[in-house]
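K.L.:
What shape does this take:
(chains A, B, C and D)
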Number of protein chains: 2
Amino acid sequence: MSPRAGLDTHTLVLAAAELADEQGIAEVTLAGLAAKLGVRSPSLYNHVNGLKELRTLLAIHGLEQLQTAMEASIVGISGDAAVHAMSRAYVEFARQHPGLYETTLRAPEEGNTSLEEAGGQILSLIINVLAGYELGEEGGLHAVRGLRSILHGFASLKNQGGFGMPLDLEVSLTRLIKTFIAGIRCMRSGEESGKE
Amino acid sequence: MSPRAGLDTHTLVLAAAELADEQGIAEVTLAGLAAKLGVRSPSLYNHVNGLKELRTLLAIHGLEQLQTAMEASIVGISGDAAVHAMSRAYVEFARQHPGLYETTLRAPEEGNTSLEEAGGQILSLIINVLAGYELGEEGGLHAVRGLRSILHGFASLKNQGGFGMPLDLEVSLTRLIKTFIAGIRCMRSGEESGKE
DNA sequence: AATATAAACTAATGACATTAGTTTTGCAAG
DNA sequence: CTTGCAAAACTAATGTCATTAGTTTATATT
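P.N.:
Here you go, the predicted structure:
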């Protein structure tokens, strides 16, 4: 069906992901990728529409992998335990795939359906795991933003070496999630008319 | 003291910061900067040791500006109000200076004293503002990590357009900080022997 | 006014991305 | 088995950058 059957788009994306994780996101170049695949860089244009599209595909791939990891982490669990498990999975994914995770957050294209969908699925996952706290329509969405901020901020700072202090990182994350959950509970019990 | 007195390092950094904020971090190139300054790119090497050093200087400048904004936001305030004010200032700085803020988090050089110092000062600021909660040595440091994660995560996602939902962003941040503070209080009152 | 020096310049090299146009090869149809 | 086509890979070429080397020029100090 295809001559010299060597490469296809998926192979490119996988190789690019390796490059991103091992060498850093700045080393994801068509030249470097071609070298890794034993091919000249113009050949890559048969499978991908330039560097920009490669980055978008990488972002989608990363989001899908992240989603898979998050889903797997919460099978059979619910409540606080699920929030903790999902949080650990998120941060652990970012640690194992620093480059891929980083591409995930750079939105290179507006209006890319696949990309938005992949992001939306992760959003749904977080919404579900927080659904048990009965925060209401609006409150739930604010809480989702909160948890996303926590997870991304922690993972990002950790990956960039932003936490200099000699203190166990796992403990820090566990405490942060505990604090978040406790805060949700306390705020709710302290509410009167739902205002503020 | 200097011939053709046009440029100096500080001018370069300021112009690069403008470029970063207006055009995005990817457009911070020596070629672009030189064009903006009406000069040929090799001339920049008289003031800066290449693109990498420019990025480092940009990061330091950004951290200093951020620190100034955070400090200004809490003069005369303390307690919860200070945490809220500082958080707003942080996120607002990131909004006003998206490119500069982004450079801040990319640690391009290991062991750069000025860079580490600038980061350390922000850390101290956060430590101080959380000091009133009497979290103890270790607990305080975990809390600092937590707040940093929240602030960076929120600012970063907001800047990247990561929050798609049509929901007031200021409310989201205020709630998140409230939740964090409430969580800290609740966790503390629920403690027995200080374990876990 | 003369000079030393720092700043700016031109020229050149090498890494990329990207485009155009050519060659090759695997598969399918005769 | 051969022949042809389409996709994949190639070479060649262009343009943008960063960076280095070496030259020119302006100005501050003498």
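
K.L.:
Grab the nearest non-local neighbour of residue A:98.
P.N.:
Distance criterion Cβ to Cβ, 6 or more residues apart in numbering or on different chains; nearest residue to residue A:98, sequence neighbours excluded, is residue A:159 at 4.9 Å. No exception for glycine: its C-beta is placed from N, CA and C like everyone else's.

K.L.:
wait, that neighbour sits on residue A:92?
P.N.:
No. Contact status for residue A:159 versus residue A:92: not in contact, 11.4 Å apart, counting by Cβ atoms under 8 Å.

K.L.:
ok so, going back, how near is the residue nearest to residue A:98 to DNA strand D?
P.N.:
24 Å (Cβ to the nearest atom of the strand, to the nearest Å).

K.L.:
Please apply the same query to residue A:177.
P.N.:
Taking Cβ to the nearest atom of the strand, one finds residue A:177 at 41 Å from DNA strand D.

K.L.:
Pull the number of nearby residues for the closest residue in space to residue A:78 that isn't next to it in sequence.
P.N.:
Of all residues beyond its chain neighbours, the one nearest residue A:78 is residue A:132 (6.4 Å), with distances taken as Cβ to Cβ, 6+ apart. Neighbours of residue A:132 under the rule other Cβ atoms under 10 Å in any protein chain shown: 12.

K.L.:
Which helix or strand lies directly C-terminal to the helix or strand containing residue A:128?
P.N.:
Per DSSP states H and E, residue A:128 falls inside helix A:113-131. Using DSSP H and E, the helix or strand that follows helix A:113-131 in sequence is helix A:136-159.

K.L.:
relative to helix B:136-159, how tilted is that next one?
P.N.:
Orientation of helix A:136-159 against helix B:136-159 (axes from the mean of the first three to the mean of the last three Cα atoms, to 10 degrees) gives an angle of 110 degrees.

K.L.:
which helices and strands does helix A:136-159 pack with?
P.N.:
helix A:79-96, helix A:98-105, helix A:113-131, helix A:169-189, helix B:136-159, helix B:169-189 (3 or more Cβ pairs under 8 Å, 6 or more residues apart in numbering or on different chains; DSSP states H and E).

K.L.:
Now for the spatially closest residue to residue A:41 that is not a sequence neighbour: which residues touch it?
P.N.:
Leaving out its chain neighbours, the residue that sits closest to residue A:41 by Cβ to Cβ, 6+ apart is residue A:34, at 4.0 Å. Applying Cβ atoms under 8 Å, 6 or more residues apart in numbering or on different chains to residue A:34 gives the contacts A:40, A:41, A:43, A:44.

K.L.:
Looking at chain A, which residue is nearest chain B?
P.N.:
Using Cβ to the nearest Cβ, the single residue of chain A nearest to chain B is residue A:153, 2.5 Å away.

K.L.:
out of everything not next to it in sequence, what's closest to that residue?
P.N.:
residue B:153 (2.5 Å).

K.L.:
would you list the helices and strands packed on helix A:136-159 in CSV and tack on mean pLDDT, distance to residue B:64 and mean neighbour count?
P.N.:
Listed next are the helices and strands packed on helix A:136-159 as CSV, based on pLDDT from 0 to 100; distance: least, Cβ to Cβ, whole Å; neighbours: other Cβ atoms under 10 Å in any protein chain shown:
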stretch, mean pLDDT, distance to residue B:64, mean neighbour count
helix A:79-96, 98, 28, 19
helix A:98-105, 96, 25, 23
helix A:113-131, 93, 34, 17
helix A:169-189, 95, 26, 20
helix B:136-159, 96, 17, 21
helix B:169-189, 95, 23, 20
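
K.L.:
For residue B:12, find the nearest of those helices.
P.N.:
With respect to residue B:12, and counting by Cβ to Cβ, the nearest of those is helix B:136-159 at 24.1 Å.

K.L.:
Centre of the chain to the closest one, how far?
P.N.:
12 Å (Cα atoms, centre = their mean, to the nearest Å).

K.L.:
Also stretch A:23-36?
P.N.:
Chain-centre distance of stretch A:23-36: 21 Å, with Cα atoms, centre = their mean.

K.L.:
Can you point out the buried residues in that stretch?
P.N.:
Buried positions in stretch A:23-36, judged by neighbour count with 16 or more other Cβ atoms under 10 Å in any protein chain shown: A:25, A:28, A:30, A:32, A:33, A:34, A:36.
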